[in-house]
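1. pasting a predicted model and its sequence here:
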Amino acid sequence: MAQPSGGAVTISADGRSVRVQAGVTVAAALLDLGTPAFRRSVSGEPRAPLCGMGTCYECRVTIDGVAHRRACLVTVADGMHVTTADGAEKASA
Amino acid sequence: MSAVAADVVVVGAGPAGIAAAVRATEARRRVVVLDEAPNVGGQIWRHRSVATLGADARTWVDRLSRTNADVRRGVAVVDVIVGGETGDITVVAERHLGGVDVIRASALVIATGARERFVPFPGWTLPGVTGIGGAQALLKQGATFRAKRVVIAGTGPLILPVAASLTDAGARVVLVAEQAPFQAVRDFALSLLTQPETLLQAALYRLAFLRTPYAMGTWVTAASGTDQLTGITVANARTTWSLPCDFLCTGYGLVPNVDMARFVGCATADGAVVVDERQATSVPRVFAAGEVTGIGGVGLAVTEGEIAGAAAAGVARVDPSLVRRRQGLRLVARRMERAFTLRQELRSLARDDTIICRCEDVRRAAIASFADSRQAKLYARAGMGACQGRVCGPALELLFGWQPGTVRLPLEPARLSTLSTAALAGAATSDAVHTGGP
């Protein structure tokens, strides 16, 4: 079973260390952090979750080094590293 | 890689999959259940804590947890191989953050549910535009919509609970728009007089967002904003107007997730898997239950799941009370489909430069002259991206009348290491046949 809400975990979001509620998905955490773009489309448009259930692939981010993970299907974990498309650009700039 | 043998493998742990797994374990079968989400429940019973679930949902989730079913969450099925003479079924699934599961079973229950239908309109790709069920899912995943200005616009009964829960969560729901005309919604509501508990539930939802207008015969024509949604344009039969908002939740009913079923060769009709009295598909040892056999709601999904689980476990007798319940619920589903028929205006919202395929950024003008979805995919990459046409497919059908193309491997985008495992699993089933879709 998923962890009941209440506790908090620390994740790294685009290099920034943030406390988020335990048990939430990466998508929920990133939305609440005001993430402007989860990914960039092939023509460079910002994109964010559409379907919330793993169908649309718009919420793809890199989680612990694994690219193209659907943020709406992965629960946050203490020490998890999450990188959005814009975050990756910032890191390499 | 982890390989496991089972009698019944159930794909999808929503209401239908849970009921199927419970019934199959009651018949003393070894059951493996696979689901993409972090937790069981599917979309309608999505939860982080069992305590937040309604009575029915909680009962079924508890029943599943008391069985010895091997429930694997956070895995995406990438391949299904229906064997030749032995008839065995091999399912290959990839764990989201690494690892591959290979399950061999004698029967498969496909309970892959449904997804939302999206209708493309100018601005629908902006961050801030989500599905209606999509917003509900994100809310249940822990996203907070507190103090956000939200518009909910689309069609069908799903609008009501989502408007209620977003309001409860502190969102400022400024408009709820239903595209179906008032008369159609009223007639559908009247037809529910035989099911007062459903009507009462709808009334309670409406009470929860009573301060928000619930406009019938009203739909969104465009969303605006540069890198983020800032407002929308809305229309009814008489006029159009604009209003600012932070989120637009929009969806136009549900589409059965038939890809896996079509891939293994199951017959479909009107976009849903065809099943017989025992929920058996046209492919031996493959059963289907829930929304994948046609949109009918949670009650029907559970009932079909119970029948499918018993049948997949080899129980010959079909419980007549379940058959009666299934019949009644299917009638309601048909009335609902008629009431919420999509209006013609929705087919012409997309302009030449409106993106239709969000994965490959294919605009309407790039595909409008093609003859079918196969041409649009081959020549313009529509439906070629990560979602494999699950978002644009129903839109292409609505806009151009194109049927979905062949389902190809992998069923979900997968890592190369997973695909090599899948290839080995296929080779190990020496007489296996990849039947493929039509």
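-> Noted; the coordinates are in hand.
2. relative to chain B, how far out is the residue most central in space within chain A?
-> In chain A, the C-alpha nearest the mean C-alpha coordinate belongs to A:V26, at 4.2 Å (CA atoms, centre = their mean). Using CB to the nearest CB, to the nearest Å, A:V26 is found at 9 Å from chain B. (Each C-beta comes from the backbone N, C-alpha and C, glycine too.)
3. check contacts around that residue.
-> In this structure, A:V26 makes contact with A:11, A:61, A:63, A:69, A:71-72, A:74-76, A:80, A:82, judged by CB atoms under 8 Å, 6 or more residues apart in numbering or on different chains.
4. and the residues you listed, which is closest to chain B?
-> Taking CB to the nearest CB as the measure, chain B lies nearest A:T75 of the contacts of A:V26, at 4.5 Å.
5. what sits opposite the closest one in the beta ladder?
-> The bridge-partner assignment for A:T75, based on DSSP bridges, gives A:T25.
6. number of residues surrounding it?
-> For A:T75, the tally of surrounding residues (other CB atoms under 10 Å in any protein chain shown) stands at 24.
7. isn't it right next to A:G23, touching?
-> Yes - counting by CB atoms under 8 Å, A:G23 is a contact partner of A:T75 at 6.4 Å.
8. and of the contacts of A:V26, the nearest to B:R351?
-> Ranked by distance to B:R351 (CB to CB), the contacts of A:V26 are led by A:C72 at 29.1 Å.
9. can you pull the contacts of A:P36?
-> When contacts are counted by CB under 8 Å, 6+ apart, A:P36 touches A:46, A:86, B:127, B:227-228.
10. do you know the pLDDT at B:V173?
-> Confidence per residue is given as pLDDT, and for B:V173 that number is 98.
11. doesn't it lie inside a strand?
-> Yes - counting by DSSP: H, G, I helix; E, B strand; the rest coil, B:V173 is located in a strand.
12. who are the contact partners of it?
-> B:150-152, B:163, B:166-167, B:209, B:212.
13. which of those residues count as buried?
-> Burial by neighbour count, 16 or more other CB atoms under 10 Å in any protein chain shown: within the contacts of B:V173 this picks out B:150-152, B:163, B:166-167, B:209, B:212.
14. make a markdown table out of those and add pLDDT.
-> Shown next, in a markdown table, are the buried ones among the contacts of B:V173 (pLDDT from 0 to 100):
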| residue | pLDDT |
| --- | --- |
| B:V150 | 98 |
| B:V151 | 98 |
| B:I152 | 98 |
| B:A163 | 98 |
| B:L166 | 98 |
| B:T167 | 98 |
| B:F209 | 97 |
| B:T212 | 97 |
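15. which of those lies closest to B:F188?
-> Nearest to B:F188 among the buried ones among the contacts of B:V173: B:A163, at 17.2 Å, using CB to CB.
16. so that closest one, which of the three states?
-> With three-state DSSP as the criterion, B:A163 reads helix.
17. follow-up on the earlier one: reformat the buried ones among the contacts of B:V173 as a markdown table; add distance to B:L329.
-> Formatted as a markdown table, the buried ones among the contacts of B:V173 follow (distance: CB to CB, whole Å):
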| residue | distance to B:L329 |
| --- | --- |
| B:V150 | 31 |
| B:V151 | 31 |
| B:I152 | 26 |
| B:A163 | 24 |
| B:L166 | 27 |
| B:T167 | 28 |
| B:F209 | 27 |
| B:T212 | 30 |
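18. in strands, which of those appear?
-> B:150-152 (DSSP state E).
19. now, which of these lie close to chain A?
-> When those are filtered against chain A using CB under 8 Å from any CB of the partner chain, no residues are retained.
20. let me see the ranges of the helices in chain B.
-> B:15-26, B:55-66, B:132-140, B:159-168, B:182-191, B:196-208, B:259-263, B:298-312, B:320-339, B:364-367, B:373-380, B:392-400, B:416-428 (DSSP state H).
21. among the ones you listed, which comes closest to A:R19?
-> Judged by CB to CB, the one of those that comes nearest to A:R19 is helix B:132-140, at 19.6 Å.
22. number of residues surrounding residue 38?
-> Since no chain was named, I'll use chain A. For A:F38, the number of neighbouring residues by other CB under 10 Å comes to 26.
23. meant chain B, my bad for not saying
-> Neighbouring residues of B:P38 were enumerated by other CB under 10 Å; the total is 22.
24. how close does the residue nearest to it when sequence neighbours are not counted get to A:D86?
-> The spatial neighbour of B:P38 that comes closest, neighbours along the chain excluded (CB to CB, 6 or more residues apart in numbering or on different chains), is A:T75 at 4.5 Å. Computed as CB to CB, to the nearest Å, the A:T75 to A:D86 distance reads 23 Å.
25. next: B:P410.
-> 28 Å.
26. then B:A37?
-> 27 Å.
27. between those two, which one's more packed in?
-> Per other CB under 10 Å, whichever of B:A37 and A:D86 has more neighbours is B:A37, with 25 against 16.
28. I figured that one was touching B:G12, is that so?
-> No - using CB under 8 Å, B:A37 makes no contact with B:G12, being 9.7 Å away.
29. for the residue lying closest to B:A19 once chain neighbours are set aside, what are its contacts?
-> Take B:A19 and drop its neighbours on the chain: the residue closest to it by CB to CB, 6+ apart is B:G305, 3.1 Å away. Contact analysis of B:G305 by CB under 8 Å, 6+ apart lists B:15-20, B:23, B:109, B:111, B:289-290.
30. just to revisit the earlier point, out of the buried ones among the contacts of B:V173, which is nearest to B:A272?
-> Set against B:A272, the nearest of the buried ones among the contacts of B:V173 by CB to CB is B:I152 (26.1 Å).
31. which residues does the closest one bridge with?
-> Bridge pairing for B:I152 - DSSP bridges - gives B:V176, B:C249.
32. that one and B:L158, how far apart?
-> Note on B:I152: its distance to B:L158, by CB to CB, is 9 Å.
33. what touches both of those two?
-> Counting by CB under 8 Å, 6+ apart, the residues touching both B:I152 and B:L158 are B:I132.
34. quick revisit: just the buried members of the contacts of A:P36?
-> Buried residues within the contacts of A:P36, defined by neighbour count using 16+ other CB under 10 Å: A:46, A:86, B:127.
35. rebuild these as TSV, extending it with distance to B:V255 and pLDDT.
-> What follows is those, written out as TSV (distance: CB to CB, whole Å; pLDDT from 0 to 100):
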residue	distance to B:V255	pLDDT
A:P46	26	98
A:D86	31	87
B:P127	23	98
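36. between those, which is nearest B:L199?
-> B:P127 (36.9 Å).
37. help me confirm that that closest one comes into contact with A:A48.
-> Yes - with the criterion set as CB under 8 Å, B:P127 and A:A48 qualify as a contacting pair; they are 3.5 Å apart.
38. name the nearest residue to residue 57, ignoring sequence neighbours.
-> With no chain named, the answer covers chain A. Excluding its sequence neighbours, the residue lying closest to A:Y57 (CB to CB, 6+ apart) is B:A386, at 3.9 Å.
39. looking at chain B here, not the other one
-> Computed as CB to CB, 6+ apart, the closest residue to B:A57 that is not its neighbour in sequence is B:W45, at 4.2 Å.
40. for that neighbour, the count of nearby residues, please.
-> So B:W45, with other CB under 10 Å, has 24 neighbours.
41. return the residues in contact with B:D7.
-> For B:D7, counting by CB under 8 Å, 6+ apart, the contacting residues are B:24, B:29-31, B:105-107, B:313.
42. one more: A:A71?
-> In this structure, A:A71 makes contact with A:25-27, A:30, A:38, A:49, A:59-61, A:63, A:82, judged by CB under 8 Å, 6+ apart.
43. try 6 Å
-> Residues in contact with A:A71, defined by CB atoms under 6 Å, 6 or more residues apart in numbering or on different chains, are A:26-27, A:59, A:61.
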